[in-house]
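Trainee: generate coordinates for the sequence data below:
(one chain, ligands or ions: 1)
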Amino acid sequence: MVASVFLNVNGRRHEVVASPATPLLNILRNDLGLNGPKFGCGLGACGACTVLLDGQAARSCSVRLDTAARCANIVTLEGLSADGKDPVQLAFVKAQAAQCGYCLNGMVMTLRAFLDAVPNPDERGLREALKYNFCRCGTHMEILCAAKIAAG
Ligand code: FES
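Mentor: Residues are numbered from 1 along each chain as shown. Next comes the predicted model:
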């Protein structure tokens, strides 16, 4: 069964026709052409697909379309800033925290949501915030450096 639903993504309203159980990640990437969120595990475990749902970090591979349609605002990496210069993004560039870069969407989006909720975290808080986002290249120390820069 397919249905027509409306999604508010990065400040724009989109009509989508799909099964209500379709993962939000599939809709974002395949229907809306937003490739910031990545498919990693598809099980809600790795964090590569993270987006913001009404300001909260969420794993879009594990969010159904009909659930996402109830959100007032969905933000993907593309919507964090108009010019790619959100302070968290700039911090990752400054720290040169990417190796393959596949995990960075999840790192950036998770950190953005965390810093919006906790503006002046200590290192322990940053480590806690990112501990369920996986990086297979092993650039964790550079990512932590970026997180410290972003946290000020
Ligand atoms: Fe969604 Fe891994 S792809 S958590």
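Trainee: for the residue nearest to Thr139 when sequence neighbours are not counted, which three-state class applies?
Mentor: Nearest residue to Thr139, sequence neighbours excluded (C-beta to C-beta, 6 or more residues apart in numbering): Gln99, at 4.9 Å. C-beta coordinates here come from the backbone N, C-alpha and C atoms, glycine included. The three-state label given to Gln99 by DSSP: H, G, I helix; E, B strand; the rest coil is coil.
Trainee: list the contacts of Gln99.
Mentor: Contact partners of Gln99, counting by C-beta atoms under 8 Å, 6 or more residues apart in numbering, are Cys135, Cys137, Gly138, Thr139.
Trainee: now, of those residues, which are buried?
Mentor: Cys135, Thr139 (16 or more other C-beta atoms under 10 Å).
Trainee: filter the contacts of Gln99 down to the ones near the ligand?
Mentor: Applying C-beta under 6 Å from any ligand atom, the subset of these adjacent to the ligand is empty.
Trainee: of the contacts of Gln99, which is the nearest to the ligand?
Mentor: Cys135 (12.3 Å; C-beta to the nearest ligand atom).
Trainee: mind listing what's buried in stretch 99-111?
Mentor: Tyr102, Cys103, Leu104, Asn105, Gly106, Met107, Val108, Met109, Thr110, Leu111.
Trainee: which ones among the residues you listed map onto helices?
Mentor: Leu104, Asn105, Gly106, Met107, Val108, Met109, Thr110, Leu111 (DSSP state H).
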